[in-house]
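Chemist: Provided below are the primary sequence and the corresponding predicted coordinates.
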Number of protein chains: 2
Amino acid sequence: MFNIAEKKIGKDTIVFKTPVNIQSMASIVGPKEGKSNLAGWFDVVVDDDMFGEMTPEKAERRFQTEAVNLAMDKLSLEYDSVDYFLAGDLLNQIITSSITASIIQVPFIGLYGACSTSALSLGMGCCMVDGGFAERVVCATSSHYQCAERQFRYPIELNVQRKLTSQYTVTGSGAAVIGKKEGFAKVTHFTVGRAIDMGIKDANIMGPAMAPAAADTLARHLNDTNRRPEDYDYIVTGDLGSVGGDIFKELSKRNGYALDDKKYIDCGTFIFKGDKTVGSGGSGCGCSGSVLCSYFAKRFEMKEISRILLIATGALFSPISALQSGTISGIGNAVAIESVV
Amino acid sequence: MFNIAEKKIGKDTIVFKTPVNIQSMASIVGPKEGKSNLAGWFDVVVDDDMFGEMTPEKAERRFQTEAVNLAMDKLSLEYDSVDYFLAGDLLNQIITSSITASIIQVPFIGLYGACSTSALSLGMGCCMVDGGFAERVVCATSSHYQCAERQFRYPIELNVQRKLTSQYTVTGSGAAVIGKKEGFAKVTHFTVGRAIDMGIKDANIMGPAMAPAAADTLARHLNDTNRRPEDYDYIVTGDLGSVGGDIFKELSKRNGYALDDKKYIDCGTFIFKGDKTVGSGGSGCGCSGSVLCSYFAKRFEMKEISRILLIATGALFSPISALQSGTISGIGNAVAIESVV
């Protein structure tokens, strides 16, 4: 067994000189997500997961572009009032984000951290603002069940039986406008993940592949900041699912950070809670992206929570690396978000 | 015809508060590149483009990891003395960079700007240093002819005839260590590119797809900085090739910036100058990456040049978007590099 405690724990956490304000967040999801455990929290639910397009790839673009537009509309912003667009997605060559970038014509910083891209884009966006390089940026991620399945595993038309460890990619997108001007919440810290390879080769076992990286990031974050889990209302992981989530809790406990089920939420498990069709839970950039930009954003707006740590998790592999018997690394990127008082 | 002059020209260029020092650069290329017009400039030439591996994807990893190791070795650095690893490549899910990240265990910021990732990673690395988030970072990009061809176009075994506009992906990698401590050159400015879509759909016509974005970035950079081409020893583009390069020069001339052939160098045209087998020139992340980290790095070290603008160019598409008749956007990311005096 991999001993997480043996990993070097360094000073890897960025503490923003001035916490970066979250000015708006927007979420848009497909029909399954709209009827999920988080029904009622999303800004927009699209009844047709094809969004009126001929291919799911084109549908995903609509989801992402609409999320960006909605986040901007909430502030009545035009594209030219935004300095940078930081985005990524799961599709080859992050094509969804590239096309959104070509539509909105905002200088584009393409990012890839698999499903951890939600926190990566938010964290890097904060670096651009806090570093003095931008007044305001927009960050976005998205995913689509059909595109992700056919790219990474099998086309859904094959009806391949799901494993208990399989996860179900969320169809949806989350977008955030962050900047110097006041907002409803603020990002205070950013802990960049490390790629940790546990030797897992099966693209249907993502949670266990990512859990050690999430535990590594949590341990580095808490160590760097001298914080404890008690300092957060919630420790939130991106899409470990129920199987990966249990491993994350066990590894974190061994690291000295016990997390009970009131403290710990996994977006993937949370969104599809009670749904027997999804395997171990939801996944995808759009999973943590849309849950952060709906449920957590609104609870921050309602002043119901004061501080969370989002550790978005990603599985770093490609369909080709999987065919070549490559192992799947996990990564966890974390952002600490606080309410404004 | 697209009128570049109609595009909004904003204040999009980042001027680093303290120019970020380039402490070391390393380049490693395959056999064809080792015998090219730039023979003698690279740190390492590998005689076997498979680098002893069974697949070209695995070979590309060797190229990138070795470039990173070499850049670190030049400074006798250990991995734990580097704060972040910023890297990207052309392969699906930037798998080359992800695997390097899992080997070196440095917190990983995955980037994707197609072949423009060389300047994107350098520019974003500088933001991390100048923003006060890092003392030292390592940036890397790579590409491999066989992987890129079979992913984006056809397996090389098919011997598909090249078009005159086709380009030849460079097998190689460039890596740079940048940070606060002194170096042999410094990055002063970073102009983030915009995704510009000219409606081109053919993955064999990349130069013309990217040229307008490069011209847009040049115009925005010069406008933002109140500089003229005369302020640079060289204006360098990444991989427009001869066809794209001519379009770039024509568009830039219309924008009021005439570039003669002494001032203007395209890395793709330059590396394979005189080689009739490559179509319009070299391409790939490893093209501008390896040329910057060899020829230009060494000329900076020898104090032969004092200032260049590198506009690394990328074509934003995916094999799936191409099959779905999607158009190919171009992007140009620029970094201004100066000698230290």
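Modeler: Thanks, I have it. All figures in this text were calculated on a predicted structure; none of them were measured in a lab. Numbering: from 1, shown residues only, chains lettered A, B, ... in the order given.

Chemist: Can I get the longest strand along chain A in CSV, CA atoms only?
Modeler: Ordering each strand of chain A by length in residues (DSSP state E) puts strand A:13-29 first. Taking Å, rounded to 0.1, in the frame of the first residue of the first chain, the C-alpha atoms of strand A:13-29 are listed here in CSV:
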residue,chain,number,x,y,z
THR,A,13,0.0,26.5,-1.0
ILE,A,14,-0.5,29.9,-2.5
VAL,A,15,-2.0,32.4,-0.1
PHE,A,16,-3.5,35.3,-2.1
LYS,A,17,-2.2,38.6,-0.9
THR,A,18,-5.7,40.0,-1.4
PRO,A,19,-8.4,37.3,-1.6
VAL,A,20,-9.9,37.2,-5.0
ASN,A,21,-13.6,38.0,-5.2
ILE,A,22,-16.1,35.6,-6.8
GLN,A,23,-18.4,38.1,-8.5
SER,A,24,-20.8,35.6,-10.2
MET,A,25,-21.2,32.0,-10.8
ALA,A,26,-23.5,30.2,-13.2
SER,A,27,-24.5,26.6,-13.8
ILE,A,28,-26.3,24.9,-16.6
VAL,A,29,-26.9,21.1,-16.7
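
Chemist: Which helix or strand lies directly C-terminal to that strand?
Modeler: Using DSSP states H and E, the helix or strand that directly follows strand A:13-29 along the chain is helix A:31-34.

Chemist: Please tell me the pLDDT value assigned to the residue in chain A positioned nearest to chain B.
Modeler: Here chain A gets closest to chain B at one residue, A:Gly131, 2.5 Å apart by C-beta to the nearest C-beta. (Each C-beta comes from the backbone N, C-alpha and C, glycine too.) pLDDT, A:Gly131: 98.

Chemist: about what we covered before: the longest strand of chain A near chain B at all?
Modeler: Yes - applying C-beta under 8 Å from any C-beta of the partner chain, one finds strand A:13-29 touching chain B at A:Ile14, A:Lys17.

Chemist: still on that earlier bit, the spatially closest residue to the residue of chain A closest to chain B that is not a sequence neighbour: how many residues sit nearby?
Modeler: Using C-beta to C-beta, 6 or more residues apart in numbering or on different chains and skipping the chain neighbours, the partner closest in space to A:Gly131 is B:Gly131 (2.5 Å). Using other C-beta atoms under 10 Å in any protein chain shown, B:Gly131 has 22 other residues around it.

Chemist: which ones are touching B:Gly131?
Modeler: A:Cys127, A:Met128, A:Asp130, A:Gly131, A:Gly132, A:Phe133 (C-beta atoms under 8 Å, 6 or more residues apart in numbering or on different chains).

Chemist: Please identify the helix or strand for the first one.
Modeler: Following DSSP H and E, the helix or strand that holds A:Cys127 is helix A:117-130.

Chemist: For that helix, what is the distance to the chain centroid?
Modeler: 12 Å (C-alpha atoms, centre = their mean, to the nearest Å).

Chemist: Grab the CA positions of the next helix or strand after that helix and hand them over as PDB.
Modeler: Once the chain leaves helix A:117-130, the next helix or strand it forms, by DSSP H and E, is strand A:136-143. The C-alpha trace of strand A:136-143 is given here as PDB (Å, rounded to 0.1, in the frame of the first residue of the first chain):
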ATOM      1  CA  ARG A 136     -11.400  40.500 -14.000                       C
ATOM      2  CA  VAL A 137     -11.300  37.000 -15.600                       C
ATOM      3  CA  VAL A 138     -13.800  34.300 -16.500                       C
ATOM      4  CA  CYS A 139     -13.200  30.700 -15.700                       C
ATOM      5  CA  ALA A 140     -15.200  27.700 -17.000                       C
ATOM      6  CA  THR A 141     -15.300  24.000 -17.300                       C
ATOM      7  CA  SER A 142     -17.700  21.600 -18.800                       C
ATOM      8  CA  SER A 143     -18.400  17.900 -19.600                       C
END
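
Chemist: continuing past strand A:136-143, what's the next helix or strand?
Modeler: With elements assigned by DSSP H and E, the helix or strand that comes after strand A:136-143 is helix A:145-152.

Chemist: Who are the packing partners of the lowest-mean-pLDDT helix or strand in chain A?
Modeler: Across the helices and strands of chain A, the lowest-confidence element by mean pLDDT, DSSP states H and E is helix A:319-323, at a mean of 92. Here helix A:319-323 touches helix A:145-152, helix B:95-104, going by 3 or more C-beta pairs under 8 Å, 6 or more residues apart in numbering or on different chains; DSSP states H and E.

Chemist: mean confidence score for the last one?
Modeler: Right, the one you point to is helix B:95-104. 98.

Chemist: Next: the shortest one.
Modeler: With pLDDT averaged residue by residue, helix A:145-152 scores 94.

Chemist: Not counting it itself, show me its contacts.
Modeler: A:30, A:32, A:49, A:56-57, A:59-60, A:90-92, A:155-156, A:168-171, A:203, A:283-284, A:319, A:322, B:320.

Chemist: Then stretch A:296-310?
Modeler: So stretch A:296-310 is contacted by A:22, A:25, A:27, A:41, A:118-119, A:184-185, A:218, A:221, A:231-236, A:238, A:288, A:292, A:334-339 (C-beta under 8 Å, 6+ apart).

Chemist: buried subset of those?
Modeler: A:22, A:25, A:27, A:41, A:118-119, A:184-185, A:218, A:221, A:232-236, A:238, A:288, A:292, A:334-339 (16 or more other C-beta atoms under 10 Å in any protein chain shown).

Chemist: among the residues you listed, which are in helices?
Modeler: Of the positions in these, A:Ser118, A:Ala119, A:Leu218, A:His221, A:Ser288 sit in helices, assigned by DSSP state H.

Chemist: for the last one, what are its contacts?
Modeler: Contact partners of A:Ser288, counting by C-beta under 8 Å, 6+ apart, are A:115-116, A:118-119, A:141, A:174, A:236-239, A:267-268, A:310, A:312-313.

Chemist: what are the phi and psi angles of the nearest residue to it once chain neighbours are set aside?
Modeler: The shortest distance from A:Ser288 to any non-neighbouring residue, by C-beta to C-beta, 6+ apart, is to A:Gly238 (3.6 Å). Torsion angles at A:Gly238 (phi, psi; degrees, to the nearest 10) stand at phi -80, psi -70.

Chemist: Over to A:Asp197?
Modeler: Here A:Asp197 shows phi and psi, under degrees, to the nearest 10, equal to phi -110, psi 110.

Chemist: That one contacts A:Ser321, correct?
Modeler: No - A:Asp197 is beyond contact range of A:Ser321, at 11.4 Å (criterion: C-beta atoms under 8 Å).

Chemist: The residue nearest to A:Ser288: what's it in contact with?
Modeler: A:115-116, A:118-119, A:210, A:214, A:266-268, A:287-288, A:310-314, A:332.

Chemist: any low-confidence regions in the stretch 201-341 of chain A?
Modeler: Along the stretch 201-341 of chain A, no part satisfies pLDDT under 70.

Chemist: A:Asp197 and A:Ser321: which is more packed in?
Modeler: Neighbours per residue (other C-beta under 10 Å) separate A:Asp197 from A:Ser321, with A:Ser321 holding more: 26 against 22.

Chemist: Hmm, that one is touching B:Ser102, no?
Modeler: No - A:Ser321 lies out of contact with B:Ser102 (C-beta under 8 Å); the separation is 11.3 Å.

Chemist: average pLDDT for the helix or strand hosting A:Ala67?
Modeler: For A:Ala67, the host element (DSSP H and E) is helix A:56-73. Helix A:56-73 carries an average pLDDT of 98.
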